[in-house]
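> Using only what follows, build the 3D model:
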Amino acid sequence: MNRREFFKGAAALAAVAPVVSKEAFAHAAKPKPGNNPIWLMTSAFPGDDFDGVVRRALEVGAQGLELCVFRRDSDRTDHVATHLDYKNFTPEKAKYVVDTCNRTGLRISVGSYDNLIGGDFQEANQNHILGLVRIAAMLGGDANDVVCGTFVGYDQKLGAEDRGFEKNLEKFKKVFTPILKYAKDLGVTLCVENCPMEGWVPASSPVCYCNLPGCLAARKLMYAILDDSSNLQETYDPSHDIWQHIDPSDVINAMDFSKLRRIHIKGTRNFPNDEEAVNWGRLFPRQRVNDALAAKAGLPALPPDEKGGNWDRMNYEPRLPGFGGSDSCDWTKFLETLMAKGFKYPFVIENEGCNSSHTGNMGATMQGFRATILNTAPVVWPLGPNGYAFDNSALKPMKLGNTNIKQVTIKDLT
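Below you'll find the predicted structure:
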């Protein structure tokens, strides 16, 4: 066939082929939306009680709450919200929570994010998580999709030794094996989050890796060293990979997707032309040096450490998707990647936005939540007569779990 005959045949085929617009092609290529609930993480409401955060969720049109239940005697100052009475969580209180959820249509999980394998308060934090596992079980546990969210943490003293990362893996196995068994016996899943907690150490510390699951390789190693544990799963927050210049969609495609139980919706805006990034690079944190020496070198000094560390060592700011401009995450790509892989669990908005909850203004906090729900809805909710909306017709009533569970400590289990 010569060139003239080839192009003549191609033209004939084109004449009978259906014309597909770019818009139609793009629409056809998108995954179908699911019907994922969008929840609020209650860390943004430290002054409210349980009934108060329920009203907040209903006000912005959310379908549930990740109830933050931090220790009241914690040394932390960044997260202090405590929305359940964990020291006196009685069967009557469990019934009240379940009845409230059924009355309002909301669903819940519980969480407290602390260092469980390092630091001065590790045993107190371990005991606290055991208490939250008990609460989750009383609220129905996995039967009601009530999981317990936590960090793993990191032992910095071990981390400074040779093979310190591997030693932390071994300590993780030692500490978490009895906790996971206890939770599994009660029908509760533990979900660990991937924040490296870079601000948990003072700026005089040369490294700032403070939470073992802070990278995907660590999470894979955690499952391997436990020989896998079906009740250890993940809460993935894409913002923590964004400031490490990693595409969260690549992480979703490379992980064990069966372990993904929650998504924290939080954005990050990487500073594109930041003086400190030019001086210190984007691989290592800013380092504490003598203020006079820094001034002599023409470098701005780091601000004083707050109690619990220094959070001004990297070159980014926390944002909420769709509120106050763009950030550094391709949210369309990330959400569509999750939908295409069949993610069916809640999206939980964690509001740490510099222009929202961090302003200290409750109006701005609520605006940030509303904007993020609207930004997320077109990808994860079906389109109905009134726009994109969550379909609650398939919502099953919550049933009260076993309320006759005694409080235990880590020493009781080991």
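> now the helices: where do they sit in the stretch 1-150 of the chain?
In the stretch 1-150 of the chain, the helices defined using DSSP state H, counting those that start in this stretch lie at 3-16, 22-29, 50-60, 91-104, 122-138.
> sorry, that was for the stretch 201-350 of the chain
Secondary structure of the stretch 201-350 of the chain (DSSP H, counting those that start in this stretch): helices located at 216-225, 239-242, 248-254, 275-280, 291-296, 331-340.
> Out of those, name the one with the poorest average pLDDT.
Ranked by mean pLDDT, the helices of the stretch 201-350 of the chain bottom out at helix 275-280, with a mean of 84.
> Any buried residues in that one, and which?
Counting neighbours by 16 or more other C-beta atoms under 10 Å, one finds that the buried residues in helix 275-280 are 276, 277, 280. All C-beta atoms are positioned from the backbone trio N, CA, C, and that covers glycine.
> Just the closest of those residues to residue 263, please.
Nearest to residue 263, judged by C-beta to C-beta, of the buried residues of helix 275-280 is residue 277 at 27.8 Å.
> Does the closest one touch residue 271 like I think?
Yes - applying C-beta atoms under 8 Å as the test, residue 277 and residue 271 come out as touching, 6.5 Å apart.
> coming back round to it: buried deepest among the helices of the stretch 201-350 of the chain, which one?
Most buried of those by mean neighbour count (mean count of other C-beta atoms under 10 Å) is helix 239-242; its value is a mean of 24.
> quick one: residue 185 from residue 65, how far?
From residue 185 across to residue 65, the span is 26 Å (C-beta to C-beta, to the nearest Å).
> Can you tell me which of the helices of the stretch 201-350 of the chain is nearest to residue 312?
Of all these, it is helix 275-280 that lies closest to residue 312, at 9.0 Å by C-beta to C-beta.
> remind me, longest helix of this protein?
Selection of the longest helix in the chain by residue count, based on DSSP state H, yields helix 164-185.
> quick one: contacts for residue 125?
71, 112, 114, 115, 116, 153 (C-beta atoms under 8 Å, 6 or more residues apart in numbering).
> Of the residues you listed, which is the most crowded?
For the contacts of residue 125, the largest number of neighbours (other C-beta atoms under 10 Å) sits with residue 116, at 30 neighbours.
> list the contacts for that residue?
When contacts are counted by C-beta under 8 Å, 6+ apart, residue 116 touches 122, 125, 126, 129, 150, 151, 152, 153, 175, 176, 179.
> could I get the contacts of residue 125 as JSON lines with distance to residue 227 and pLDDT?
Shown next, in JSON lines, are the contacts of residue 125 (distance: C-beta to C-beta, whole Å; pLDDT from 0 to 100):
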{"residue": "71", "distance to residue 227": "31", "pLDDT": "96"}
{"residue": "112", "distance to residue 227": "27", "pLDDT": "98"}
{"residue": "114", "distance to residue 227": "26", "pLDDT": "96"}
{"residue": "115", "distance to residue 227": "24", "pLDDT": "97"}
{"residue": "116", "distance to residue 227": "20", "pLDDT": "98"}
{"residue": "153", "distance to residue 227": "22", "pLDDT": "98"}
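> and which of these is nearest to residue 379?
Nearest to residue 379 among the contacts of residue 125, with distances taken as C-beta to C-beta, is residue 112, at 29.8 Å.
> you'd agree that closest one is up against residue 130?
No - here residue 112 does not reach residue 130: they are 10.9 Å apart, not a contact under C-beta under 8 Å.
> Find the nearest non-adjacent residue to the residue nearest the centre of the chain, please.
Centroid-nearest residue in the chain, with C-alpha atoms, centre = their mean: residue 264, separated by 3.3 Å. Leaving aside its sequence neighbours, residue 264 sits nearest to residue 237 (C-beta to C-beta, 6 or more residues apart in numbering; 3.8 Å).
> Turn the contacts of residue 116 into a markdown table, including distance to residue 389.
What follows is the contacts of residue 116, written out as a markdown table (distance: C-beta to C-beta, whole Å):
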| residue | distance to residue 389 |
| --- | --- |
| 122 | 44 |
| 125 | 39 |
| 126 | 42 |
| 129 | 36 |
| 150 | 32 |
| 151 | 34 |
| 152 | 37 |
| 153 | 39 |
| 175 | 43 |
| 176 | 39 |
| 179 | 39 |
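> just the buried members of these?
Buried members of the contacts of residue 116, scored by 16+ other C-beta under 10 Å, are 122, 125, 126, 129, 150, 151, 152, 153, 175, 176, 179.
> Low-confidence stretches in the stretch 1-150 of the chain?
For the stretch 1-150 of the chain, the stretches with pLDDT under 70 are 1-29.
> now do 50
For the stretch 1-150 of the chain, the stretches with pLDDT under 50 are 3, 6-7, 10-28.
> still on that earlier bit, ok, the residue nearest to residue 264 touching residue 196?
No - here residue 237 does not reach residue 196: they are 10.6 Å apart, not a contact under C-beta under 8 Å.
> Burial check on residue 78, number of neighbours?
Neighbour count for residue 78, taken as other C-beta under 10 Å: 16.
> For the residue lying closest to it once chain neighbours are set aside, what are phi and psi?
Residue nearest to residue 78 in three dimensions, not counting chain neighbours: residue 308, with 6.1 Å by C-beta to C-beta, 6+ apart. With angles defined as degrees, to the nearest 10, residue 308 sits at phi 100, psi 0.
> Would you quantify the distance from residue 308 to residue 32?
Counting by C-beta to C-beta, the gap from residue 308 to residue 32 is 43 Å.
> higher neighbour count, those two?
Between residue 308 and residue 32, counting by other C-beta under 10 Å, residue 308 is the more crowded of the two (17 against 7).
> Report the contact partners of the more buried one.
Listed by C-beta under 8 Å, 6+ apart, the contact partners of residue 308 are 75, 76, 77, 78, 199, 200.
> which residues sit in contact with the nearest residue to the first one once chain neighbours are set aside?
On the basis of C-beta to C-beta, 6+ apart, the spatially nearest residue to residue 75 that is not a chain neighbour turns out to be residue 121, at 6.3 Å. If you count contacts by C-beta under 8 Å, 6+ apart, residue 121 has them with 74, 75, 114, 115.
> these two touch, right, the last one and residue 168?
No - the pair residue 115 / residue 168 is not scored as a contact, 11.3 Å apart, by C-beta under 8 Å.
> Now for these two: what residues contact both?
With C-beta under 8 Å, 6+ apart as the test, residue 115 and residue 168 both reach residue 154.
> ok, residue 336 to residue 171 distance?
Distance, residue 336 to residue 171, using C-beta to C-beta: 38 Å.
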